[in-house]
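Asker: Please work out how this folds:
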Amino acid sequence: MAPPSAAELLRYIAEHEALDDTRAHFGLEVETIQSLLEAAASGPSGAPRRAAPKQTALPLEPRVPVQPRRAPAQRQRVRVYSDGASRGNPGPAGAGAAILDAETGEVVELLKRFLGRQTNNVAEYQGAILGLSRARELGVREVELVADSQLMIRQLGGQYQVKNPGIRPLYEQVLGLLKGFAKVKLVHVPRELNTLADEMSNRAIDER
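Answerer: Residues are numbered from 1 along each chain as shown. The predicted model follows:
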């Protein structure tokens with residue numbers, strides 16, 4: 001047997017159920033209560049109300065798998081511009097470096113470090129150490145070390161000897177870093193072509 005509709009159910013109650021309690025509570029006659037139940041069983045136009053259609057659950061949208069973020073592509077070749085500044089020589093000093101993608105010229109990172117009271121030559125080597133160390137951390141395979149210190153570039157290239165005992169440990173440290181790359185090029189440029197590293201070394205002093 002099919003389940004009754006709401007209209008059928010209300011009509012049955014109106015016709016068969018005892019309505020004495022309801023009549024006494026509201027002070028209504030049985031006929032009035034039956035009329036009200038009939039009206040409730042009908043729609044606005046008087047037609048019996050239809051049961052609301054059963055809602056069918058919509059299928060869930062397929063979940064698009066989230067792609068894991070890829071690590072930045074490893075840069076094969078960069079230029080490390082390095083510089084050092086000393087105000088007083090010796091005096092307040094800073095090291096600076098700019099790492100650029102050798103293929104696109106894009107600035108990868110700008111670096112600076114305050115060195116306290118140092119000479120200009122110490123600051124120049126510290127700038128190279130700062131930039132080369134970061135390039136190693138980035139997994140770079142080929143590097144061009146660019147600096148406006150002709151002394152440092154020629155010492156690293158073997159044209160000049162390192163006579164200053166205070167510079168020798170820094171010289172050895174830079175050589176050790178260079179050995180970690182598959183290919184190395186040393187480039188000397190005039191100061192006006194080394195503006196980013198120069199700016200960073202001076203900012204290191206200013207910001208301390």
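Asker: quick one: which helix or strand includes Leu115?
Answerer: Using DSSP states H and E, Leu115 maps to strand 107-118.
Asker: Which neighbouring elements make contact with that strand?
Answerer: On a contact count with 3 or more C-beta pairs under 8 Å, 6 or more residues apart in numbering; DSSP states H and E, strand 107-118 meets strand 77-86, strand 91-101, helix 120-137, helix 195-207. Just so you know, the C-beta spots here come from the backbone N, C-alpha and C atoms, and that holds for glycine as well.
Asker: Make CSV out of these and add mean pLDDT.
Answerer: Formatted as CSV, those follow (pLDDT from 0 to 100):
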stretch, mean pLDDT
strand 77-86, 98
strand 91-101, 98
helix 120-137, 98
helix 195-207, 98
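Asker: Nearest to Lys112, out of these?
Answerer: Closest to Lys112 of those is helix 195-207 (C-beta to C-beta; 3.9 Å).
Asker: What residues of the closest one count as buried?
Answerer: Residues 196-205 are the ones in helix 195-207 that count as buried (16 or more other C-beta atoms under 10 Å).
Asker: same question, stretch 84-94
Answerer: Neighbour-count burial for stretch 84-94 flags 84-86, 92-94 (criterion: 16+ other C-beta under 10 Å).
Asker: now swap in stretch 95-109 and tell me
Answerer: In stretch 95-109, counting by 16+ other C-beta under 10 Å, buried: 95-100, 102, 108.
Asker: With stretch 171-189 instead?
Answerer: 171, 173-174, 177-178, 181, 184, 186, 188.
Asker: Of the buried residues of stretch 95-109, which is the nearest to Ala128?
Answerer: Using C-beta to C-beta, these come closest to Ala128 at Ala97, 7.5 Å.
Asker: Contacts only, for the closest one.
Answerer: 80-83, 110-112, 127-128, 130-131, 134, 197, 200 (C-beta atoms under 8 Å, 6 or more residues apart in numbering).
Asker: Take these and write them to a markdown table, including distance to Pro165.
Answerer: Output for the contacts of Ala97, formatted as a markdown table (distance: C-beta to C-beta, whole Å):
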| residue | distance to Pro165 |
| --- | --- |
| Val80 | 26 |
| Tyr81 | 28 |
| Ser82 | 22 |
| Asp83 | 23 |
| Leu110 | 32 |
| Leu111 | 27 |
| Lys112 | 27 |
| Gly127 | 20 |
| Ala128 | 19 |
| Leu130 | 22 |
| Gly131 | 24 |
| Arg134 | 27 |
| Ala197 | 26 |
| Met200 | 28 |
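Asker: show me where pLDDT drops low in this protein?
Answerer: Applying pLDDT under 70 to the chain flags residues 1-73.
Asker: okay, now the domains of the chain?
Answerer: According to automatic domain parsing, the chain comprises the domains 6-41, 77-207.
Asker: Fine, thanks again, bye for now.
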